[in-house]
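Novice: Sequence plus the predicted model coming up.
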Amino acid sequence: MSQTDAKITVILRIARSEGRWTEHRVEVPEGSYVIDAIERVFAQPASQLIWRHACHHASCGTCGLRINGVEKLPCITPLSDYDLTRPIRLEPLDYFPRVGDLVVDFTPFFERMQAIGMPIICADETAPPSHPALAHGEQLLRFENCIECGLCISACPAMRNGRFLGPAALAAAERLMVEPRGVDVEAVRRAVDTWDGIWGCRSSYQCTAVCPMGVDPAGAIIRLRTYL
């Protein structure tokens, strides 16, 4: 058997909607990621697993969950990070309403983002006038590093306060202070300068620890505190 044909056995222990756990033993090629093992489970007709994914390369953020108690994107989490002689535990993100098995409702996340008037995209000011898109009257768009995966929300102990704005929205607010993009900066300041805003943060830095994109929400919150 060649190295590329080598297989590894993985046991996934998955939290299900009904409050029970199910264990699944699957085989995947060496060098696989956690998402590959989940897909094998999903392909089993009897599993009836409810989960969500899209891009497979940490662009969309839709597959986020807790792996052995730590918030991760399974699409970029290698199975080699784990002791495969023991089951790998999969649970949905915390502090979100549960839809089913590993899927949660992201409505509270976007409500918090809307509370500080966060636009997702803005015009790219660095594009040269000769760029083909500009020549055709099209506007180039620059996306922020945050992929809205919700990992920071799930990892944040301050989210036990259901009114807390959360690290993603507060990091977005700090971004708006730097580049307002036409929003009412004073309104943003009032929204975050509360005990349910930046003063509700416990400075655990768990949000920054789990962020797959290096956004550093904790650092943004500290900068906001200094600013205010």
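Specialist: Looks like it arrived, so ask away.

Novice: got the domain boundaries for this structure?
Specialist: Domain assignment for the chain by automatic domain parsing gives 3-104, 107-227.

Novice: For the longest one, what is the distance to the chain centroid?
Specialist: Relative to the centre of its chain, domain 107-227 is centred 13 Å away, using C-alpha atoms, centre = their mean, to the nearest Å.

Novice: Also the shortest one?
Specialist: The chain centroid and the centroid of domain 3-104 are separated by 15 Å, computed with C-alpha atoms, centre = their mean.

Novice: Number the chain from 28, please
Specialist: All set: I'll call the first residue 28, so the last point we hit is now domain 30-131.

Novice: Spatially nearest residue to P244 (excluding sequence neighbours)?
Specialist: Spatial nearest neighbour of P244, excluding adjacent residues (C-beta to C-beta, 6 or more residues apart in numbering): P194 at 3.6 Å. Every residue, glycine included, has its C-beta placed from N, CA and C.

Novice: Need the domains of the chain in TSV (columns: mean neighbour count).
Specialist: TSV is the format used below for these (neighbours: other C-beta atoms under 10 Å):
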stretch	mean neighbour count
domain 30-131	16
domain 134-254	17
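
Novice: re earlier: my read: the residue nearest to P244 touches S181, true?
Specialist: No - with contact defined as C-beta atoms under 8 Å, P194 and S181 do not form a contacting pair (10.3 Å).

Novice: Looking at the residue lying closest to R229 once chain neighbours are set aside now. What's its pLDDT?
Specialist: Residue nearest to R229 in three dimensions, not counting chain neighbours: A185, with 5.0 Å by C-beta to C-beta, 6+ apart. With respect to pLDDT, A185 scores 97.

Novice: ok, A185 to D132 distance?
Specialist: From A185 across to D132, the span is 20 Å (C-beta to C-beta, to the nearest Å).
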